[in-house]
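[1] sharing a model that was predicted from the sequence below.
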Amino acid sequence: MQPETEQPLRGKEHGLVFQVRAAQADPAAADALVGQYMPFIRSETYKFTHAPVEAGHEDELSIATLAFYEAALSYQAGRGAFLPYAAAAIRNRLIDHYRTEQRHGGSVSLDAPAGEDGRLLAETLPDSRDDIGAYELRQATRAEIAEFGRQLAKFGLSFSDVADNCPRQQRTLEACRAVLDCARANPILLEKLLRTGRLPMRELAFGSGVEKKTIERHRKYLVAILLAFTNGYEIIRGHLCQLTPRGGTRE
Amino acid sequence: MKYLVMETHPAYAVVLDEGGRFLKAANLHYQVGETVDEVIELQAAPPRRRRRPLWGFVCALALVCCGLAAYAGWWQPNFAPYGVLRIRINPDVELTVSKTDRVLDARARNEAGAALLEKLELKGEDSDEAVEKLVEEAIDQGWLPEGGLVSIDAESEDDDWELREEAALGAQLRDEFGTYFALRLGALEDSREDWDAASSENRDPASSENRYAGREDWDDDDDDDDDDWDDWDEYD
């Protein structure tokens, strides 16, 4: 016979598994799960840093939160409880982070004290930045990204969806770039995308020489990147400086 | 490489790099529209396994098929009894053999046979070698003098196998021992006797007479009142 206290614990763990499954499919559910378990994440971070997060360990907390999210994405029910798994994932991620930081041990932090007067090193450097210009640029960028997000929503997409659908292998990325080059060389295809709300797959496959199956598989990503090259997204296009058009596309 | 922050979440931020990749990265207190030089990328989760409800069934079916193939292709020919060889010298021995002529069991049918098998381990041997060993041992123990008789009978549901097995054993024993002893092959002899009997029956008129022996009143169903054999005599 099992102890009476074990039953509620098992029920709680069972509920958590459902929450994790929901988080694997839905970014909003993932945000809710992370918000609910933030005390646990802080606790695990504290176990590693042995200092409060507020004492200069904000980055560690961010990395621990990312590790918790990664654990939620990769968790498989039936392979043990989630929380010990997430705790191990957080610890491993923080160890990796510290090892990476140690490799940059020779560099000097701008936050380091510059002298005896208590000023930081960054404060002693000449300030050549145009803060007002940078603020205005950021505001314009935010507005453009918000508009871009609204346009994506018309296609039923979010930035998280696009990131999940983004090709990871270089060869696939090259294929997607060939599709983009084809669309840029044939603006009528971009217009068709905006007009119909659908990716003109047949024309893009024919024009780029990329297999239709590859285009279908990365449809969300291609919609986003093609949309960025329609009118109205100058800042985003300016950021994508590595996406220069290449030859070899067919009209 | 520079990254433009597109969206922020409690656990991660979606950033766009200069090469056009949308990435999920640790949200180090980023703000949308901010450009950063370095990010800590989300490590791609391993692809989730698709549920395959028929997987167990397919595995079980494959195992059954493998089992059947092993039974039919290996176990049955090697380990299932296919026929019996009976060797009679004076010792009487019966060998159970598989389709691949492997001796599965050796059994004595009389005391002399038991004495013969005491010194021999025939299980697993090829049937040719087993019979040869039996004959050699019989000679050594004095059961088979020169000019003696060795009788071999093969029995199986497969008539062809009986004939093949006896012919092969006969040829081998003759090669090995020459005319040291006389050999009687059961199935071959039986088939020859059947053939001879059938032939002689066809040739020998006495057999026709014998067919009607004891039947003194043979009515030929004709209208005359002659005796049964009258018509026969007239015919002769």
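    The structure has been received and is ready for your questions. The shown structure was predicted, so the numbers you read here are calculated from the model rather than taken from an experiment. Residues are numbered from 1 along each chain as shown, chains lettered A, B, ... in the order given.

[2] what sits against the residue sitting nearest the centre point of chain B?
    In chain B, the residue lying closest to the centroid (CA atoms, centre = their mean) is B:Pro77, at 2.4 Å. Neighbouring residues of B:Pro77 by CB atoms under 8 Å, 6 or more residues apart in numbering or on different chains: B:98-100. No exception for glycine: its C-beta is placed from N, CA and C like everyone else's.

[3] need the buried ones from those selected in PyMOL.
    To isolate in PyMOL the members of these that are buried, counting by 16 or more other CB atoms under 10 Å in any protein chain shown, one can use:
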select buried, chain B and resi 98+99
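
[4] which one among the contacts of B:Pro77 gets closest to A:Asp130?
    B:Thr100 (93.3 Å; CB to CB).

[5] next one: the lowest-mean-pLDDT helix or strand in chain A to chain centre, how far?
    Ranked by mean pLDDT, DSSP states H and E, the helix or strand of chain A with the weakest confidence is helix A:121-124, at a mean of 72. Distance of helix A:121-124 from the chain centroid (CA atoms, centre = their mean, to the nearest Å) equals 32 Å.

[6] hmm, it touching chain B?
    No: for helix A:121-124, no contact with chain B is found by CB under 8 Å from any CB of the partner chain; the gap never falls below 15.6 Å.

[7] just the CA trace of that helix, in PDB.
    C-alpha atoms of helix A:121-124 as PDB (Å, rounded to 0.1, in the frame of the first residue of the first chain):
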ATOM      1  CA  LEU A 121      35.900  51.900 -17.300                       C
ATOM      2  CA  ALA A 122      33.000  52.500 -19.700                       C
ATOM      3  CA  GLU A 123      32.500  56.000 -18.200                       C
ATOM      4  CA  THR A 124      36.100  57.000 -18.900                       C
END
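
[8] the helix or strand following it packs against which elements?
    Using DSSP states H and E, the helix or strand that follows helix A:121-124 in sequence is helix A:131-154. Counting contacts by 3 or more CB pairs under 8 Å, 6 or more residues apart in numbering or on different chains; DSSP states H and E, the secondary-structure elements packed against helix A:131-154 are helix A:159-165, helix A:219-228, helix A:234-239, strand B:3-8.

[9] and the angle from the second one to strand B:3-8?
    This points to helix A:219-228. Angle, helix A:219-228 to strand B:3-8, by axes from the mean of the first three to the mean of the last three CA atoms, to 10 degrees: 120 degrees.

[10] check whether helix A:219-228 contacts chain B.
    Yes: using CB under 8 Å from any CB, helix A:219-228 reaches chain B at A:221, A:224-225.

[11] chain center to that helix: distance?
    For helix A:219-228, the distance to the chain centre is 16 Å (CA atoms, centre = their mean).

[12] residues in contact with that helix?
    With CB under 8 Å, 6+ apart, helix A:219-228 has contacts from A:148, A:151-152, A:155, A:157, A:159, A:161-162, A:164-167, A:176, A:179-180, A:183, A:189-190, A:193-194, A:199, A:201, A:204, A:215, A:233, A:236-237, A:240, A:243, B:20, B:22.

[13] from B:Glu41, how far off is the closest residue to A:Val210 other than its chain neighbours?
    Among residues not flanking A:Val210 along the chain, A:Ala175 sits closest, at 4.7 Å (CB to CB, 6 or more residues apart in numbering or on different chains). To B:Glu41, A:Ala175 is 21 Å away according to CB to CB, to the nearest Å.

[14] what about these two, which has more around it?
    A:Ala175 (21 against 15; other CB atoms under 10 Å in any protein chain shown).
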